[in-house]
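Trainee: got a structure for you, letters missing:
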């Protein structure tokens, strides 16, 4: 990747120009100063070099002064280009040396300062783009298409997000904020020849001295999936975002019962019963049928709202839980994931309304500005079983307040206080209706472990299409959540679609939830759960048997969509166990036949000799023996799932480990802890709960063997395909 600074500079990849530099600008005292007309004057430049968490860098720094009527040419800001050789990244930054007042452009979807700035003078058909935007991790308004100077559907403003450019030869360029995520924005200026302007969101009215904002360009040459994963790894490394909280989050790792929008019991109870009675019936049904729900989710139906629907007080209404949340928790033993929305201007917590805490209160919404409030809320809520705090309506809260749009620091402070209180009280957080800026900000907040990556579920809708948004979730280190789902098609008495709603795609909904690696949250009516289908997700104790990575859309799905030749939904994932990779391919709503090999599936350059099985006979799976996915068979009603297994050769015998046929992820790291291979034997180490029956299938020279192990007190056993037996610890 080659970058040349200056107005007429080009930004090239392999000597092909992808972007052209445009004019930098700054708003100050209500006036726009720009390098295009000389009102933002370049005083000179300097160079620097150094080392940070990313690696060694060389930097060129440009020194700017706005040309004012007083002829004051005092340097006001610097803009820099910091180049890294390894990894292939370039950082653009803005540093404000003095306070800038009157900085608002008058439009929150524009920017008050811009650097970098790129013209999009690219020949039509040369490049494609993927632009994340809107809510649900930028899923609701994501766009794909051809990138050129007349492209008008790139997401910008407060709902905008990362922009990915790519060609047909696996070359990829990712543009995104690198810090100050709640204040950073992209403004796409559509004036014949479009320009991409990265800077501070457009309604900020003051920039403090010393404010530093930066943006990254990250280059990859192994396709979109790998570039996004590598970019996300760099971002996680920068902010020390580990997966520790995600790996220990009860609501991600175990099956739970959900009551949010789309659920049978969303603002809807059993006849002549309140919520307390209804959910106690859910518990009784689960116990009777051995459904291992390990927690429950309360949605917005449980707390009182003020004018306009905002939260008045985050406590249970007596009409909902007459005996209180504590007694319900004691009765069920279920920990809780609890929903919250924006704060009402009438919230009882605010000092303006007689409460104890500092809030900014506006006409339609309020926002806490008091660390003590968040600590109080989290601490008190733990008493009735809260383990996961679900902050919903993030986009509405942030975009619906003048304070968050005009104060450059308030958005970041709001999320940091929430996160710190959760961390200090041993809780995790789920983000919902989050713009990309909220998700990027979670890099600094370790207890944000999960986020919704799809619109709300309603029986029969297509919000299951999370393959692209899951790619970003996985890269940035949190678990994607597809929302709740029904496991049976008809559930009498539903409140949706005037009582006529059905879910025809129960297998697809369940499969997507399991392969997401996020929460698995069925939401059926009592006595209407397909238990066999649901239990494909997990072990007997509710532990979700998931793959090593979320199922994500393959490169070709995005690429061919951008060039106007969509193939349908083709996602892949895998389980990595003891150095062996077991792949999974999901295909649904196919629009054309598609042939796929290990490279297209994203299984890696060193994918072992393998075979694949599913709806067709077992066959070799390699670059010379690819799988044909038939469009007519792989629909939403009948999704196609294919599994790959390495070929193990023991004493001349070919061994294929098929795994648990009654589970969606047949070889899960949660079940299979090790595979020990010697020239004369192979041992498969598995774990589970005491007296759990684990059915395992493998083949030897094409002959299938089906063995069931009953786990001992230790919960561990070893399956030996050569001896065809279980060996307990």
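Mentor: Done, it's in. No experiment lies behind these values; they were computed from the predicted model shown.
Trainee: give the contact list for residue 94.
Mentor: 77, 78, 79, 113, 115, 199, 200, 212, 213, 214 (CB atoms under 8 Å, 6 or more residues apart in numbering). Just so you know, the C-beta spots here come from the backbone N, C-alpha and C atoms, and that holds for glycine as well.
Trainee: next one: residue 524
Mentor: Residue 524 sits next to 264, 486, 487, 488, 491 when contact means CB under 8 Å, 6+ apart.
Trainee: just the buried subset of those, written out for PyMOL, thanks.
Mentor: Burial among those is assessed by 16 or more other CB atoms under 10 Å; the matching PyMOL selection reads:
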select buried, resi 264+486+487+488+491
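Trainee: low-confidence ranges, this protein, go.
Mentor: By pLDDT under 70, the weakly predicted segments of the chain are 1-15, 69-72, 192, 615-616.
Trainee: got the domain ranges for it?
Mentor: 2-224, 244-529, 552-728 (automatic domain parsing).
Trainee: in JSON lines, list those along with distance to residue 231.
Mentor: Supplementary listing: the domains of the chain in JSON lines, determined by distance: least, CB to CB, whole Å:
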{"stretch": "domain 2-224", "distance to residue 231": "4"}
{"stretch": "domain 244-529", "distance to residue 231": "6"}
{"stretch": "domain 552-728", "distance to residue 231": "14"}
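Trainee: pick the most buried one from those.
Mentor: Mean neighbour count, computed with mean count of other CB atoms under 10 Å, is highest for domain 244-529 among these, reaching a mean of 20.
Trainee: quick revisit: just put the contacts of residue 94 in a markdown table and tack on distance to residue 383 and secondary structure.
Mentor: Output for those, formatted as a markdown table (distance: CB to CB, whole Å; DSSP: H, G, I helix; E, B strand; the rest coil):
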| residue | distance to residue 383 | secondary structure |
| --- | --- | --- |
| 77 | 50 | strand |
| 78 | 51 | strand |
| 79 | 51 | strand |
| 113 | 46 | strand |
| 115 | 49 | coil |
| 199 | 45 | strand |
| 200 | 41 | strand |
| 212 | 41 | strand |
| 213 | 41 | strand |
| 214 | 42 | strand |
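Trainee: of those residues, closest to residue 319?
Mentor: Each of the contacts of residue 94 was checked against residue 319 using CB to CB; the closest is residue 200, at 46.1 Å.
Trainee: surely residue 33 is in contact with residue 23?
Mentor: No. With contacts defined as CB atoms under 8 Å, residue 33 does not count as touching residue 23, sitting 10.4 Å away.
Trainee: now do the contacts for the residue nearest to residue 315 when sequence neighbours are not counted.
Mentor: Beyond its immediate neighbours in the sequence, the residue positioned closest to residue 315 (CB to CB, 6 or more residues apart in numbering) is residue 303, lying 6.3 Å away. For residue 303, the contacting residues are 311, 312, 313, 314, 315, 316, 317, 340, by CB under 8 Å, 6+ apart.
Trainee: rerun at 10 Å
Mentor: By CB atoms under 10 Å, 6 or more residues apart in numbering, the residues touching residue 303 are 311, 312, 313, 314, 315, 316, 317, 320, 338, 339, 340, 341.
Trainee: the fourth one and residue 332, how far apart?
Mentor: Translated: residue 314. Taking CB to CB, to the nearest Å as the measure, residue 314 falls 20 Å from residue 332.
Trainee: again with residue 677
Mentor: Taken as CB to CB, the spacing of residue 677 relative to residue 332 amounts to 45 Å.
Trainee: residues contacting residue 522?
Mentor: 255-258, 263-264, 291, 293, 484-488, 509-510, 513, 529-530, 533-534, 537.
Trainee: keep only those of those residues that are in strands.
Mentor: The strands, defined by DSSP state E, take in 256, 257 from those.
Trainee: which of the contacts of residue 522 fall in helices?
Mentor: Assigned to helices by DSSP state H, the following of the contacts of residue 522 qualify: 509, 510, 513, 533, 534.
Trainee: could you measure the second one against residue 453, distance?
Mentor: Noted for residue 510: a distance of 17 Å to residue 453, by CB to CB.
Trainee: touching, residue 645 and residue 656? I think so.
Mentor: Yes. With contact defined as CB atoms under 10 Å, residue 645 counts as touching residue 656 (5.0 Å).
Trainee: now list whatever residues contact both of those two.
Mentor: Residues touching both residue 645 and residue 656 comprise 610, 611, 613, 618, 698, 699, with contact defined as CB under 10 Å, 6+ apart.
Trainee: out of the contacts of residue 303, which one sits closest to residue 497?
Mentor: Top of the list for closeness to residue 497, among these and by CB to CB, is residue 339 at 22.9 Å.
Trainee: just checking, the closest one is part of a helix?
Mentor: No. For residue 339, which was evaluated using DSSP: H, G, I helix; E, B strand; the rest coil, the result is strand, with no helix membership.
Trainee: for it, give me its contacts.
Mentor: With the criterion set at CB under 10 Å, 6+ apart, residue 339 makes contact with 258-261, 297-303, 311, 314, 389-393, 430, 432.
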